[in-house]
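J.: I'd like to go over a predicted model; first the sequence, then the structure.
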Amino acid sequence: MFQKILIANRGEIALRIQRACRELGIPTVAVHSTADAEAMHVRLADESVCIGPPPARDSYLNIPAILSAASITGADAIHPGYGFLSENARFADMVEAHGMAFIGPSPEHIAMMGDKIAAKEAMGALGVPLVPGSDGAVADLETARAVAARVGYPVLIKAAAGGGGRGMKVAQDAAGLEEAFRVARSEAAAAFGNDAVYLEKYLDRPRHIELQVFADAHGNVVHFGERDCSLQRRHQKLLEEAGSPALNAAARDGLGRTATAALRKLGYRNAGTLEFLYQDGQFAFIEMNTRLQVEHPVTEMVCGIDLVREQIRIAAGAELDYGQEDIRFTGHAIECRITAEDPATFVPTPGRVSVFHAPGGLGVRVDSALYAGYFVPPYYDSMVAKLIVHAPTRIDAINRMRRALDEFVVVGIQTTIPLHQRIVDAPEFQAGDYTIHWLERFVGSH
Ligand code: MV4
């Protein structure tokens, strides 16, 4: 097992990783910017190293500073968390070149999944269902026209280096294709330094369902079920659930079998999430994330398994502690991502927290690095707490979330707690009857 783990992240996820390390008996090293000297992740770590000034590019994205911090503290592994360097293949490669373990997939798999065309090609070849579209990159307008005519309009032009909603253009019909293709290419070139694009049929009312998979170095691959992440605004998720209100056990098993077989053939390792669009009873793979995700707690709650502990054990060469038959899904879990934002305008509201009272009780979990007296800095992501509930049924979980949101007190900054209260009270949410478009309409209409 590792002797010491450096956590290359901040906020609640740095705490989450520290907690797993503590329970495994592994000392931790925190890294922080000058803006985070007073942060909870620094206070709770065994050691800490300041790695630079507030802007992330000079601190949490500063690879030489992070590798130096690991060397001087004698860390033998680095956990990247999510965001920042978590899906940077070059960073993973450099960590390994410095004789340390990167707690995540191989640099090759990170790079493969970072190229959305390569990811689709690999998954399609391994039998995972895809959205109908181009076979690889679309090099010119003639090819785009031919593919669009085959799959039918409307179509989406997506950037190979995009993902998470960046670099997409819709063409409603043949007349709009030239402009969508041209704009998508030039935006991709400007944003990613890579103008490769591909084409897909546009699905007009899908749900966003993702599957959590884990693989060890011994050929064992399991899935931990799905999460429904359809409730998003501008590609930022606000609320996630496990399981999806739209799936039953048979659909989950089928998807899980296909996905785990594919990743076994790929030789994938550590944690991964396959993203699907689900419409009219059909799954279509769109992207794969090669990191621990923000919303992993809902999966942990329904499975009763510490996923970060498993990530660390696997990275150290241990076998997965669970076979597929050991993984049972119990009850329902919901997560609300609470941000330091005006709940009506979504303008970030950094500032000092004067009162912090987290809810508690049966089936309530709060993953947060907030405390009374903490100053929320303006430099980073505005998520300040994840409120997760678990209960025997979805209705019980909704009622528990309403109760927990009601108990949550944060004074000094504005948060999106009032917005979450409106969402969980909405009849469409309670019915489980929503697509990726529901929340934007709901927010716009209030
Ligand atoms: C799509 C789509 C409809 N049809 N692809 C946006 C994020 C990126 N991961 C993929 N995205 C989408 N791809 C096809 N062929 C609609 C979206 C999409 C979306 C997907 C998941 C969650 C929220 C979304 C919001 C808008 C659009």
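T.: Yes, it's here. On a predicted model such as this, the values are computed, not experimentally measured, just so you know. Numbering: from 1, shown residues only.
J.: Close to the ligand: what parts of the stretch 151-300 of the chain are there?
T.: Residues of the stretch 151-300 of the chain found near the ligand (C-beta under 6 Å from any ligand atom) are 156, 163-165, 200-203, 206, 208, 232, 235, 275, 277, 286-287. The way it works is simple: take the backbone N, C-alpha and C, and place the C-beta from them, glycine included.
J.: Determine which two of these are furthest apart.
T.: Using C-beta to C-beta, those reach their maximum pairwise distance at 201 and 232, which is 20.8 Å.
J.: on that earlier part again, narrow the residues of the stretch 151-300 of the chain next to the ligand to those in helices?
T.: Per DSSP state H, helices hold no members of these.
J.: For residue 49, state which of the residues you listed is nearest.
T.: Proximity of those to residue 49 (C-beta to C-beta) peaks at residue 164, which lies at 29.7 Å.
J.: In stretch 152-159, which of the residues would be classed as buried?
T.: Within stretch 152-159, the residues scored as buried using 16 or more other C-beta atoms under 10 Å are 153, 154, 155, 156, 157, 158, 159.
J.: For the strand ranked longest in the chain, which strands pair with it and how are they oriented?
T.: Using DSSP state E to define each element, the chain has its longest strand at strand 221-233. Take DSSP bridges as the rule and strand 221-233 pairs in its sheet with strand 207-215 (antiparallel), strand 236-242 (antiparallel).
J.: And for the residue in the stretch 1-150 of the chain that the ligand sits nearest to, the neighbour number?
T.: Ranked by C-beta to the nearest ligand atom, the top residue of the stretch 1-150 of the chain for proximity to the ligand is residue 131, at 4.3 Å. For residue 131, the count of nearby residues is 22 (other C-beta atoms under 10 Å).
J.: give me the number of residues near the closest residue to residue 53 other than its chain neighbours?
T.: Take residue 53 and drop its neighbours on the chain: the residue closest to it by C-beta to C-beta, 6 or more residues apart in numbering is residue 34, 5.5 Å away. Residue 34 has 13 neighbouring residues, counting by other C-beta under 10 Å.
J.: so where's this protein uncertain?
T.: For the chain, the stretches with pLDDT under 70 are 446.
J.: coming back round to it: let me have the strands paired with strand 221-233 in a markdown table, extended by mean neighbour count.
T.: Putting the strands paired with strand 221-233 into a markdown table (neighbours: other C-beta atoms under 10 Å) gives the following:
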| stretch | mean neighbour count |
| --- | --- |
| strand 207-215 | 23 |
| strand 236-242 | 23 |
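J.: for the stretch 301-446 of the chain, what spans make up the helices?
T.: 307-315, 394-407, 417-425, 427-431, 438-444 (DSSP state H, counting those that start in this stretch).
J.: Mean neighbour count, those: which tops it?
T.: Most buried of the helices of the stretch 301-446 of the chain by mean neighbour count (mean count of other C-beta atoms under 10 Å) is helix 307-315; its value is a mean of 22.
J.: Measure how it sits relative to strand 221-233, angle-wise.
T.: Here the directions of helix 307-315 and strand 221-233 differ by 140 degrees (axes from the mean of the first three to the mean of the last three C-alpha atoms, to 10 degrees).
J.: Give me the contacts around helix 307-315.
T.: 1-2, 5, 16-17, 19-21, 23-24, 26, 77, 79, 101-104, 212, 214-217, 224, 269-271, 292, 296, 299-300, 320-322 (C-beta atoms under 8 Å, 6 or more residues apart in numbering).
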